[in-house]
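S.K.: Return atomic coordinates for the entry below.
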Amino acid sequence: MKNLVVGAGLTGSVIANLIANEWNEKVTVVDKNSFVGGHINDYVDEQTQIHVHRFGPHIFHTNSERVWNYLSQFTDWHNYSFEPNVVIKGQKVTLPFNLNTIKQCFDEQTAQKYTKKLVDTYGMEHKVPILELKQTNDEDLKFIADFVYKYVFEGYTVKQWGLKPEEIDSSITARVPVFISYDNRYFQDKYQAIPKNGYTDMIKNMLYHKNIQIFLNTKYKDLAENYDRIFYTGSIDEFFDYKYGMLPYRSLTFDIETHDCEYYQPTAMVNYPCDNDFTRITEHKHFLNEKSEKTVISKEYSHTFELGKNERYYPIKSDENAELYEKYLNEAQQLQNTYFLGRLGAYKYYNMDQAVLAALEFFDNINNYSI
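M.R.: Presented below is the predicted three-dimensional model:
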């Protein structure tokens, strides 16, 4: 059987590796880019020797033993806890907004009052979505909700999504809670780390196999050979030539700068909800604790996706877009031995561990029918 995997990102690389290893079959991987890894691609900056996340910060985190063990075949890990900042009234403070942030933003007596009210109402280690907190009738909780909404949530959401918070799906707004804790980590998963030699090195290790052939700078339609199975991780609407219309996405662009100082900011990432056109600044050397006299940062800007102008990043969840995706999904289900996976194929936002788990579980299912 001849297998084609379209896309050398995380999902495509997992599928290609499983076909090569588990089925011991030949697999061709094709990608339109000049590099592997998709949006988790990173590279070593020649001037500073710092690993730079080409498409924004990626911090691997998971509670899945299976996902962790699978990826650990291809990389050693650098343990890393993500503790970003957010700029509130010109001051860099803890993000997520937690009990430490309250201490940083208010005088001691006021901070104690708000802390007690949050703990008494919700309990410690509880995450309260900001739109839920805004519905409270308590005067003190309402003040905190309005403060976080104004200085942390609203401006960032408008810049990131081009929509007001009330206009976007609740699964997205829930990602920015008030965290009733003194834990400054953005994630609380069991496993939190970054590949010691970078994500690109991990992907290359997945794809380094006698059964895998890779074509970069190539569109899959340019391949003359016919394949028995196609595993497609590109955009599902593009596969069908946009016959029902184009699925909407948000896109990102990055200004990558080198600065003549040891550190540019105190943490790997600082969010700018209220000021500047960019949404956040990433300083890459923090991720692997790399040392250099200079530093590399990325300023991140959010845009509407435009075909031929920028890249697809985040599917925009709405009933209308879900209906459009269902039309393409119905088309896909009529095809034999053609499968649509990953963020673009499933029109779904995945964290990295979710993308890997989805690929592993997909392979579990198809394995029962294909060999």
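S.K.: Tell me the spacing between P315 and Y249.
M.R.: Note on P315: its distance to Y249, by CB to CB, to the nearest Å, is 6 Å. Where you see a C-beta, it was placed from the backbone N, CA and C, and this is true even at glycine.
S.K.: what does K89 give?
M.R.: Note on K89: its distance to Y249, by CB to CB, is 33 Å.
S.K.: List the buried residues for stretch 186-201?
M.R.: Neighbour counts over stretch 186-201 (16 or more other CB atoms under 10 Å) mark 186-187, 189, 191-195, 197-201 as buried.
S.K.: For P273, give me its contacts.
M.R.: By CB atoms under 8 Å, 6 or more residues apart in numbering, the residues touching P273 are V86, V87, Y151, V152, F153, E154, G155, Y156, K159.
S.K.: got the phi/psi numbers for the residue nearest to the second one when sequence neighbours are not counted?
M.R.: To tie it back to what came earlier, the one meant is V87. Spatial nearest neighbour of V87, excluding adjacent residues (CB to CB, 6 or more residues apart in numbering): Y272 at 5.3 Å. Main-chain dihedrals, Y272, degrees, to the nearest 10: phi -120, psi 80.
S.K.: go on, K92?
M.R.: phi -80, psi 120.
S.K.: For the closest residue to it other than its chain neighbours, give the beta-bridge partners.
M.R.: Nearest non-adjacent residue to K92, counting by CB to CB, 6+ apart: N85, 4.2 Å away. Following DSSP bridges, N85 is listed with bridge partners T94, V270.
S.K.: Hmm, N271 and N85 touching each other?
M.R.: Yes. Counting by CB atoms under 8 Å, N85 does reach N271; the two are 7.2 Å apart.
S.K.: Could you name every residue contacting both of these two?
M.R.: Counting by CB under 8 Å, 6+ apart, the contacts common to N85 and N271 are L95.
S.K.: From the geometric centre of this structure, which residue sits farthest away?
M.R.: Taking CA atoms, centre = their mean as the measure, the residue most remote from the mean C-alpha position of the chain is Q109, 38.3 Å away.
S.K.: any idea which helix or strand carries that residue?
M.R.: Element membership for Q109 (DSSP states H and E) is helix 108-122.
S.K.: Off-centre distance for that helix?
M.R.: 33 Å (CA atoms, centre = their mean, to the nearest Å).
S.K.: so what strands line up beside the helix or strand just after it?
M.R.: Using DSSP H and E, the next helix or strand after helix 108-122 towards the C-terminus is strand 126-129. For strand 126-129, the paired strands and their directions (DSSP bridges) are strand 177-180 (antiparallel).
S.K.: ok so, going back, of the contacts of P273, buried ones?
M.R.: Among those, those classed as buried by 16+ other CB under 10 Å are V86, V87, Y151, V152, F153, E154, G155, Y156, K159.
S.K.: So the first one is in contact with V93, correct?
M.R.: Same thing as V86. Yes. Counting by CB under 8 Å, V86 touches V93, with 6.2 Å between them.
S.K.: name the helices or strands packed onto the helix holding Q109?
M.R.: When contacts are defined as 3 or more CB pairs under 8 Å, 6 or more residues apart in numbering; DSSP states H and E, helix 108-122 packs onto helix 99-105, helix 139-148, strand 177-180.
S.K.: Out of these, which gets nearest to T62?
M.R.: strand 177-180 (19.1 Å; CB to CB).
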